[in-house]
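Participant: Sequence unavailable; structure follows:
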């Protein structure tokens, strides 16, 4: 840890004292709207805490379902709820905990804390963050309410077909899941894009990646994993919904489908999901432990490597959930080895925390956050050890789908996520408002700790006494009674603990300006902030800036660091380079508005109407959402170069107030979105190839691809489509280039031409399939071919929409050589769409021909 | 709540702990896995104690002692070297056991087909003459290698007979194979472990390990036609069976009734359970099941005949079925 001599005022980036009225102007720009308009506010310091609170409410709501389960199973033969309700209850317990609590909760904490932790005023896309929150709020509430109408999903949170196929589950319940979850994932992905770009581009000057707090690392890894893992479940849900709604067979073996395709896709998402939840929580622990020990985290860089390494390894683990599906034992050995390997980075972090405690200069005080961290270590280590056990293939053949797994997963998730989160609640509450009560906190901790262990430890026993998961009752006389009675008693104690914490929050917590850290923490989130974030953007020279520069907080609060004013008279963020955090430009941020509120309401209504098969209403909702999106972008995005063109942010650093091209955050977000789409597309390609493999005969031939009665797509139309896509993309590049031309009609004509070419390309693409006799409902060959085309078709439709929007901006005078964000982003998307189309055409046309 | 309270304990109280657990192996495969299990439990407990001991030491020991642990070297040793060595050894050991579990011992094991259905088990012996069929009950000879051929008639199920082996899924469109060998005679219980719908909880079966001669006798009996009714009541019951249309779903060997939608009833009277592990089999439970199947196990595929059949007919039918031994 390098230290610096105390600095004199003259060394500050901005001279002190600051001019009269500067702070007032800054505050005026960031002022929150009053009255009903408060819901239009998008500032992270409002959205973040709302987000956290909503996630905690869903935690309680899902916890109540857990209590119903424990009440039913307290004794053999009880039937407090009937089997149909029980199956909805356990399905919703898992689904709500995973999708409506765990993932949103860590995103919520990040949106709340990251800006101040990184020394930023805001994340780069506050409106996207607000939109993500609102669709989660609307959609999640509607989804949970389905329980009250008996319409909740009842096939388990993993929704295996063919139990969930139309024939076996004809009701709306399954559609609620497929559409509800599919769209809540949009919220998670939107949040992940916001966080990725925010963490890489909004750090305070001097906060290099090496100096970045571990929680930010955890969230960066989290966001990257969401971008690569969540598309798989979106694709899986879409395929199953296509099968249910349009009779396209993907999972039905009698028509060439395979139920295991679902399992591969689902767990390719589902296993990383566990680490998606755990890594941010581990990051929180890595922030709290140094503060408690009052010494820097030992082996900081190893911990960072552990986070990144876990992310990579976690994508090789999905088959852990499929050990009993009959996959050959030799292949399973590979996955067992991967399972062992992933325990090493987790173990490394545990030892880093122990080492940090050991390095404490003074004795550790057992405050509430410390207790939660220690409780986390106890529970998580136990869950980690049973995790190694279930990686051992033969052991898992016995343990799989028994209560041993229920014990394991709750130890890992409650230990690995809930305890750190509650510790974080107590630790960071003073940084965003009034602190919580130590006395209630300790009561809450002990009740939760004892209750959790009493609930879940006996489940190891009941599992090995022969109790399978997901049963609404069990017989007496097999030695299961005592373990289940203990578990149910434990659940009651844990519920009391949760109630105490809730009481504490309701009674004591109030949002406010925050105060300095009671633990004398060393990181930037403890600098006092206003609506505008920090008064000035700190210059960072260390991992624990508040420890090495004790005067820093005061300097920042006095406005002595970067950008202590608003340069353009609007909300702004300082954008820095991704690795070294060198200032690049001042980005103008959007302010409050109705656009994203309308878009969120429309999106939620759209998916709900689809689930209820209300197609006309769904179309209206879609139009509403679309108008919200367009309104939001039309007025709020890309204001173009503003006055002044450049600004001195302090230290003599002059940066522009407008950016276009690769340096702009908009381009970065588009690249993130393309990663998501590329992953989803890869899942579709993989599904096509998997189904081909399944349909090969014993000699590895391909007599069923295409199956009898179906043909190959017509090559001539395929080649035409290829050419049209390429020409369309080229025409759009020309349009972008022609923005600098004298007449605006040149780029307008090029845009219109590009749209026509893409439309013709998509038509030829689909016509090739139809003319070739490829039919979606007869066999998985046709279904997977049409799924690839449908995906491409949706992209072409979006591409056309974007081109139309760009054209409209051109006519409205909001597009020129300097103000070109719409054109640049559209060009990126078009390039991607053309490339995706080419790959899809190559697979559909060339692959079966090469086989023959 | 009352409904099941009387239904469940009937046959199940007769069971005892130890007949559905991996920790009391009755066969080779379960024995290998149980050995591994105890190794994992012991090793896990030791490592858990060690880590928590180190944590306690780091928190409570005098500063000059605990400072030794506050280093990068400690993190590398405890967090990388130690787990890497331990896990490498475990991987080698567990792969040896996996190999032993999947390598076949015999060229021609006894083959048994088990087909999972919502919510019961169809069991077939393809090697036995013109085939033998039973339901919710697997008989197997002691000491002989058996290959289970596992498939499904509707959704995914999973067969778990923990005293003999781990579980294996039954997936539509596939046939999974599992080899096992029982080493002691007796009766144990198995259950479906893949959530398969409304009555997943009530999908169990009994497995009976017999001396070879006893097993062969049982198998021969399954292949024989059922005996003619011995009493007037049984004869009436057999008539009712035909008139009520039972034969459309349930086969009875040696009769015109060859339905395959529900369990084969040829030897229903000698089976250990009714409704996939739910009740003992005798005249009263049979009559109760036929009359009120949707109250006993709501959502199963069999309609209730309580209104369709007169009381006398119901009792006669139950008497005939009970006689099918």
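Facilitator: Good, I have the coordinates. Being a predicted model, the structure only gives us computed values, none of them experimental.

Participant: for residue 112, what are its contacts?
Facilitator: Since you didn't name a chain, this refers to chain A. For residue A:112, the contact set (Cβ atoms under 8 Å, 6 or more residues apart in numbering or on different chains) comprises A:44-45, A:48-49, A:51-52, A:428, A:432. (C-beta placed from N, C-alpha, C; glycine too.)

Participant: To clarify, I was referring to chain B.
Facilitator: Counted by Cβ under 8 Å, 6+ apart, residue B:112 has contacts B:123-125, B:138, B:140, B:146-149.

Participant: Now render these as JSON lines, adding neighbour count, secondary structure and pLDDT.
Facilitator: Formatted as JSON lines, the contacts of residue B:112 follow (neighbours: other Cβ atoms under 10 Å in any protein chain shown; DSSP: H, G, I helix; E, B strand; the rest coil; pLDDT from 0 to 100):
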{"residue": "B:123", "neighbour count": "23", "secondary structure": "strand", "pLDDT": "97"}
{"residue": "B:124", "neighbour count": "19", "secondary structure": "strand", "pLDDT": "96"}
{"residue": "B:125", "neighbour count": "20", "secondary structure": "strand", "pLDDT": "96"}
{"residue": "B:138", "neighbour count": "23", "secondary structure": "strand", "pLDDT": "97"}
{"residue": "B:140", "neighbour count": "24", "secondary structure": "strand", "pLDDT": "96"}
{"residue": "B:146", "neighbour count": "21", "secondary structure": "strand", "pLDDT": "96"}
{"residue": "B:147", "neighbour count": "17", "secondary structure": "strand", "pLDDT": "96"}
{"residue": "B:148", "neighbour count": "24", "secondary structure": "strand", "pLDDT": "97"}
{"residue": "B:149", "neighbour count": "16", "secondary structure": "strand", "pLDDT": "97"}
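
Participant: on that earlier part again, could you point out which of the contacts of residue A:112 is nearest to chain B?
Facilitator: Taking Cβ to the nearest Cβ as the measure, chain B lies nearest residue A:428 of the contacts of residue A:112, at 22.3 Å.

Participant: what about the residue nearest to that closest one when sequence neighbours are not counted, neighbour count?
Facilitator: Excluding the flanking residues, the one nearest residue A:428 by Cβ to Cβ, 6 or more residues apart in numbering or on different chains is residue A:113, at 6.2 Å. Residue A:113 sits with 25 neighbouring residues when counted by other Cβ atoms under 10 Å in any protein chain shown.

Participant: ok so, going back, out of the contacts of residue B:112, which is nearest to residue B:320?
Facilitator: When these are compared for distance to residue B:320 (Cβ to Cβ), residue B:123 wins out at 22.5 Å.

Participant: Roughly how far does the closest one sit from chain A?
Facilitator: 19 Å (Cβ to the nearest Cβ, to the nearest Å).

Participant: from memory that residue sits against residue B:146, does it?
Facilitator: No. Contact status for residue B:123 versus residue B:146: not in contact, 11.8 Å apart, counting by Cβ atoms under 8 Å.

Participant: coming back round to it: list the contacts of the residue nearest to residue A:428.
Facilitator: For residue A:113, the contact set (Cβ under 8 Å, 6+ apart) comprises A:48, A:215, A:428, A:431-432, A:525.

Participant: And it, what's its pLDDT?
Facilitator: With respect to pLDDT, residue A:113 scores 96.

Participant: list the contacts for residue A:69?
Facilitator: By Cβ under 8 Å, 6+ apart, residue A:69 lies in contact with A:86, A:89-90, A:93.

Participant: burial of residue A:453, as a residue count?
Facilitator: 20.

Participant: I meant residue B:324, not that one.
Facilitator: As a burial measure, residue B:324 scores 21 neighbours (other Cβ under 10 Å).

Participant: Spatially central residue in the chain, please.
Facilitator: All of this refers to chain A. The residue lying closest to the centre of chain A (Cα atoms, centre = their mean) is residue A:188, at 3.4 Å.

Participant: my bad, chain B
Facilitator: By Cα atoms, centre = their mean, chain B has its centre lying nearest to residue B:190, at 2.5 Å.

Participant: That residue pairs with what?
Facilitator: Going by DSSP bridges, residue B:190 is paired in beta bridges with residue B:205.

Participant: how much space between the closest residue to chain A within the stretch 1-150 of chain B and residue A:293?
Facilitator: Closest to chain A within the stretch 1-150 of chain B is residue B:70: 2.7 Å, counting by Cβ to the nearest Cβ. Residue B:70 sits 9 Å away from residue A:293, going by Cβ to Cβ, to the nearest Å.

Participant: Show me which of these two is the more surrounded one.
Facilitator: residue A:293 (26 against 21).

Participant: So which bits of the stretch 101-250 of chain B are right by chain A?
Facilitator: Counting by Cβ under 8 Å from any Cβ of the partner chain, the stretch 101-250 of chain B comes close to chain A at B:101-102, B:154-156, B:158, B:160, B:162, B:165-169, B:171-174, B:176-177, B:189, B:191-201, B:204.
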